[in-house]
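**Q** I'll drop the sequence and a predicted model, then ask my questions.
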Amino acid sequence: MLLCPAFQPGWPRRAPTIQSRPMTKPLPAKAVSACPHDCPSTCALDVEILPDGRIGRLRGAPDNAYTAGVVCAKVARYAERLYHPDRLTRPLRRVGAKGEGRFEEISWDAALDLVAERFLAAEAECGAESVWPYHYAGTMGLVQRDSIHRFRHAKGYSRQFDSFCTNMAWTGYVAGTGRLAGPDPREMAHADQIVIWGTNPVATQVNVMTHAVAARKIRGARIVVVDVYRTETMRQADVGLVIQPGSDAALACAIMHVLFRDGLADRDYLDKYTDCPAELDAHLSTRTPEWAAAITGLDAGAIEAVARQIGTVKRTYFRLGYGFTRSRNGAVSMHAATSIAAVTGCWQYEGGGAFHNNGAIYELDKTMIEAPELRRPGIRALDQSQIGRILTGDAAALNGGPPVKAMLIQNTNPVSVCPEQALVKRGFCREDLFVCVHEQFMTETARMADLVLPATQFLEHDDIYKGGGHQYLLFGPKLTEAPGEARENLFVLNELARRLGAADHPGFHMTAREHVDWMLRNSGYGTLAELEAGRWKDLQPDFRTAHYLDGFGHRDGRYHFRVDWGRDPAPNKPEGEPMGPWRSMPSLPDYWPSVEAADAEHPFRLVTAPARSFLNSSFTESEIGRRKEGRPEVWLTVADAARAGVSDGDRVRMGNRRGTVTLHARVVDGPTPGTVISEGIWPNDAFEDGQGINTLTGADPVAPYGGAAYHDTAVWIRPA
Ligand SMILES: Nc1nc2c(c(=O)[nH]1)N[C@H]1C(S)=C(S)[C@@H](COP(=O)(O)OP(=O)(O)OC[C@H]3O[C@@H](n4cnc5c(=O)[nH]c(N)nc54)[C@H](O)[C@@H]3O)O[C@H]1N2
Ligand SMILES: Nc1nc2c(c(=O)[nH]1)N[C@H]1C(S)=C(S)[C@@H](COP(=O)(O)OP(=O)(O)OC[C@H]3O[C@@H](n4cnc5c(=O)[nH]c(N)nc54)[C@H](O)[C@@H]3O)O[C@H]1N2
Ligand code: SF4
Ligand SMILES: [Mo]
């Protein structure tokens with residue numbers, strides 16, 4: 001396989017460092033903001049301004065009812081990231097070989113001219129679709145994240161199918177409810193039982209714990225956690241269920257079986273609010289606890305017990321995460337877990353129901369930011385998870401269009417976070433591919449670029465944020481100057497559009513504040529001045545709406561146990577694109593054995609769960625975070641370690657047909673036999689041979705229409 005120098009050990013790893021310039025403008029003593037990171041909590045922040053004008057500690061706003069004064073440790077010490085000596089501060093042009101890491105400084109004008117020239121050349125050679133603006137959610141700010149769509153539509157560049165994160169989760173939830181919204185997340189504090197399913201909030205969205213623990217303190221609520229290993233969240237739970245990866249639907253079906261069998265299903269509720277309860281009851285008659293025990297690895301008694309608890313406690317709040325949907329059967333699992341709440345009818349009660357994400361409540365008019373009216377018909381969408389296949393010329397992944405010849409990348413670090421990493425790296429090594437990366441740090445993706453542009457961080461630009469895990473709209477103003485010549489995403493896109501002769505749309509001539517104000521006014525939410533004065537806007541729907549007491553989101557107003565996966569709403573599918581492998585999906589809740597199963601050659605199933613001190617690939621620049629996380633490891637049980645012939649602390653190799661990584665073994669108790677865990681998306685160069693964890697994960701599209709199954713990978717493990 002072709003390997004660039006950048007991916008061979010021993011090459012320079014660090015960017016040229018330029019110290020950030022000292023602050024000159026005086027600032028108020030305290031300021032407000034919102035966390036921009038890709039995290040459902042979207043915390044309201046109080047920002048401390050030190051006497052010398054620099055940013056001090058960040059704290060959770062105590063008067064925000066969801067944040068309630070709590071933020072995670074990595075954001076509390078944000079000054080470390082803001083003033084990090086490795087911040088990019090000048091535009092850099094590659095002078096060495098691709099990926100070698102040698103750059104020279106150039107001016108912004110020269111840099112932007114170069115991008116425009118290369119984009120026009122690609123367009124002339126292969127058509128506009130050969131340019132692929134590539135992005136994700138490094139910032140969740142709506143202006144700085146989504147303006148790239150206005151840019152792509154104005155030029156007719158390739159569209160992007162966002163498949164990293166939310167597809168299976170959102171699709172599975174909406175298949176049941178018909179709408180991506182649920183009971184007020186603050187109601188968790190009024191629950192008598194909280195089922196935290198397939199998420200590790202102590203690490204990934206700390207505020208869930210605030211409200212769950214409040215319920216325990218105030219009401220003596222029981223906390224149940226379903227995961228595939230003993231996470232920090234499970235350690236704080238009253239009941240912990242450790243199951244086989246990808247087996248959640250079996251657990252959910254057995255719970256519903258017991259509810260029907262033992263008269264714990266709410267028949268009145270089912271008749272009034274659901275589509276086919278009798279059919280579901282009959283279908284589940286063979287999905288017994290014993291049946292599920294064999295699939296999940298739990299014992300049947302434990303399933304009976306938790307089913308009884310769920311059936312008898314009316315105020316049960318299901319907090320359903322993303323983790324358990326990152327499997328090839330993830331949408332089916334999410335739908336099955338959500339369906340439990342419809343069988344017990346707990347939706348009717350305060351503190352009851354099933355919550356995943358509140359995306360549907362905002363109804364924002366983003367047309368000025370995204371300019372959908374400029375979109376030309378027939379432009380292909382490219383799957384962000386399949387960038388490796390796309391850049392190496394896979395015809396199916398190219399979706400009937402030309403090769404990709406030029407890219408602008410903002411807000412994401414694909415060389416680290418994408419599946420099939422070996423292919424991704426090979427693609428970025430292509431000499432005929434022009435890549436411009438706009439970044440805060442010299443990430444592994446930036447190091448592969450022809451041109452690197454320095455980006456602002458959230459305290460250095462204006463933007464607006466909405467909480468997926470709550471119901472607030474929040475503004476985060478520019479509070480401090482960026483180091484050196486770092487510029488916001490909006491600046492880059494507007495300037496490029498101008499140079500490319502595509503800046504007719506008024507959105508290319510507005511500041512971030514003007515965009516926010518326009519969006520608020522046109523969405524019926526007042527003005528930016530009003531939002532700033534009130535600090536945030538609480539958009540929680542009323543109780544009856546949030547609990548679906550006037551009907552669910554489907555046209556018939558009912559919760560759907562029966563799903564037509566090929567035709568039902570597909571919340572993330574790009575318009576006009578085909579479905580994925582949906583045809584064999586079960587139409588009623590069921591265990592669907594479509595996971596990447598272990599076999600004789602790959603006896604272990606790997607889950608790549610998040611690390612507490614990192615957020616995806618962000619915060620890996622933090623010395624404190626790296627120290628806390630230690631080193632890349634694979635965690636396995638004593639029996640599995642023996643089976644692999646390795647011991648605690650050993651250097652080991654872990655691999656499959658996609659590649660091999662080298663890391664250290666840690667023996668833990670917890671996962672079911674055959675399940676191994678590797679926490680964190682460590683930088684690739686934290687691994688001995690530069691091959692990161694996503695070398696092992698697959699980019700095959702997950703049912704029903706695509707997505708990445710990051711926690712569903714069969715591997716072998718050997719002594720190194
Ligand atoms: N093995 C494994 N891989 C995974 C996952 C997993 O669980 N396991 N999770 C997947 C998931 S859910 C996701 S969402 C993806 C996310 O993966 P990424 O999209 O890479 O996520 P982030 O680290 O949040 O952000 C990427 C970059 O955005 C940059 N950035 C932040 N703000 C700005 C800005 O204002 N402007 C510009 N230009 N850049 C900015 C940051 O510096 C950072 O380098 O990873 C996926 N990859
Ligand atoms: N500290 C930190 N916070 C983060 C992130 C991070 O990387 N680090 N990432 C951010 C992003 S982009 C997102 S999308 C969210 C995601 O946050 P979550 O919704 O929490 O999802 P995941 O992080 O993918 O995984 C959560 C848990 O799911 C478990 N899991 C994996 N497979 C299965 C399964 O088959 N069944 C069950 N029951 N459990 C399973 C994992 O072991 C893990 O403990 O977090 C955000 N917050
Ligand atoms: S918990 Fe999430 S939203 Fe809150 S500060 Fe941390 S990363 Fe940001
Ligand atoms: Mo994500």
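**A** That came through fine. Ligands and ions are numbered 1, 2, ... in the order given.
**Q** hang on, isn't Gln193 packed against Gly311?
**A** No. Taking Cβ atoms under 8 Å as the contact criterion, Gln193 and Gly311 are not neighbours in contact, 10.7 Å apart. Any C-beta I mention is one placed from the backbone N, CA and C, and that applies to glycine too.
**Q** who has more neighbours, the two?
**A** Gln193 (26 against 23; other Cβ atoms under 10 Å).
**Q** Would you mind confirming that Gln440 makes contact with Leu88?
**A** Yes. The pair Gln440 and Leu88 qualifies as a contact (Cβ under 8 Å) at a distance of 6.3 Å.
**Q** tell me, what's touching these two both at once?
**A** Pro454, Ala455, Ala486 (Cβ atoms under 8 Å, 6 or more residues apart in numbering).
**Q** Of those residues - the most surrounded one?
**A** Going by other Cβ under 10 Å, Ala455 tops those with 27 neighbours.
**Q** Contact partners for that residue?
**A** Counted by Cβ under 8 Å, 6+ apart, Ala455 has contacts Leu88, Gln410, His438, Glu439, Gln440, Ala486, Arg487, Glu488, Asn489.
**Q** quick one: contacts for the third one?
**A** Read that as His438. Leu408, Ile409, Gln410, Val452, Leu453, Pro454, Ala455, Asn489, Val492.
**Q** Check which helices and strands whichever strand or helix holds the second one is in contact with.
**A** What it means is Ile409. Assigned by DSSP states H and E, Ile409 belongs to strand 406-410. Applying 3 or more Cβ pairs under 8 Å, 6 or more residues apart in numbering; DSSP states H and E, we find strand 406-410 packed against helix 108-126, strand 131-135, helix 142-155, strand 434-439, helix 489-499.
**Q** Where does pLDDT dip in the protein?
**A** 1-28 (pLDDT under 70).
**Q** picking that back up, the contacts of Ala455 into a markdown table, with extra columns for distance to Ser523?
**A** Shown next, in a markdown table, are the contacts of Ala455 (distance: Cβ to Cβ, whole Å):
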| residue | distance to Ser523 |
| --- | --- |
| Leu88 | 34 |
| Gln410 | 24 |
| His438 | 28 |
| Glu439 | 31 |
| Gln440 | 29 |
| Ala486 | 30 |
| Arg487 | 27 |
| Glu488 | 22 |
| Asn489 | 21 |
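**Q** Then Met234 would be within a strand, right?
**A** No. Secondary structure of Met234 (DSSP: H, G, I helix; E, B strand; the rest coil): helix, not part of a strand.
**Q** re earlier: of the helices and strands packed on strand 406-410, which is nearest Gly96?
**A** For the helices and strands packed on strand 406-410, proximity to Gly96 was assessed by Cβ to Cβ; strand 434-439 is nearest, at 14.5 Å.
**Q** Just give me how far that closest one sits from the chain centre.
**A** 22 Å (Cα atoms, centre = their mean, to the nearest Å).
**Q** Spatially central, which residue of the chain would that be?
**A** Cys165 (4.2 Å; Cα atoms, centre = their mean).
**Q** Is that one in a helix, a strand, or coil?
**A** Secondary structure for Cys165, judged by three-state DSSP, is coil.
**Q** Excluding sequence neighbours, find me the nearest residue to it.
**A** Tyr322 (6.7 Å; Cβ to Cβ, 6 or more residues apart in numbering).
**Q** Tell me how far that neighbour lies from ligand 2.
**A** For Tyr322, the distance to ligand 2 equals 3 Å [Cβ to the nearest ligand atom, to the nearest Å].
**Q** and if you look at Ser622?
**A** Ser622 is 12 Å from ligand 2, by Cβ to the nearest ligand atom.
**Q** quick one, what contacts that residue?
**A** Counted by Cβ under 8 Å, 6+ apart, Ser622 has contacts Lys74, Arg77, Glu80, Arg81, His84, Ser613.
**Q** Now go through the residues you listed and say which are in helices.
**A** Lys74, Glu80, Arg81 (DSSP state H).
**Q** Can you select the buried ones from those residues in PyMOL?
**A** Only the buried entries of the ones in helices among the contacts of Ser622 go into this PyMOL selection, using 16 or more other Cβ atoms under 10 Å:
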select buried, resi 74+81
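**Q** May I see the ones in helices among the contacts of Ser622 organised as a markdown table, with distance to Pro671 added?
**A** Output for the ones in helices among the contacts of Ser622, formatted as a markdown table (distance: Cβ to Cβ, whole Å):
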| residue | distance to Pro671 |
| --- | --- |
| Lys74 | 25 |
| Glu80 | 33 |
| Arg81 | 32 |
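**Q** re the thing from before, export the shared contacts of Gln440 and Leu88 to a markdown table and tack on secondary structure and distance to ligand 1?
**A** Formatted as a markdown table, the shared contacts of Gln440 and Leu88 follow (DSSP: H, G, I helix; E, B strand; the rest coil; distance: Cβ to the nearest ligand atom, whole Å):
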| residue | secondary structure | distance to ligand 1 |
| --- | --- | --- |
| Pro454 | strand | 9 |
| Ala455 | strand | 4 |
| Ala486 | coil | 9 |
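**Q** Pick the one among these closest to Glu577.
**A** Ala455 (29.6 Å).
**Q** Please tell me how far that closest one sits from Ala110.
**A** Using Cβ to Cβ, to the nearest Å, Ala455 is found at 18 Å from Ala110.
**Q** send the alpha carbons of stretch 472-491 over as CSV?
**A** Taking Å, rounded to 0.1, in the frame of the first residue of the first chain, the C-alpha atoms of stretch 472-491 are listed here in CSV:
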residue,chain,number,x,y,z
TYR,A,472,-32.5,26.6,24.8
LEU,A,473,-31.3,28.9,22.0
LEU,A,474,-28.2,30.7,23.2
PHE,A,475,-25.9,33.4,21.8
GLY,A,476,-22.1,33.4,22.1
PRO,A,477,-20.6,36.8,21.4
LYS,A,478,-17.1,37.5,20.3
LEU,A,479,-15.3,38.3,23.6
THR,A,480,-11.6,38.5,22.7
GLU,A,481,-9.3,39.0,19.7
ALA,A,482,-8.0,36.0,17.9
PRO,A,483,-4.3,35.3,18.0
GLY,A,484,-2.3,36.4,15.0
GLU,A,485,-4.3,36.4,11.8
ALA,A,486,-6.9,33.7,12.7
ARG,A,487,-10.2,34.3,11.0
GLU,A,488,-13.7,33.0,11.4
ASN,A,489,-15.3,30.5,9.0
LEU,A,490,-17.8,33.1,7.7
PHE,A,491,-14.9,35.3,6.5
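**Q** Done for today, thanks.
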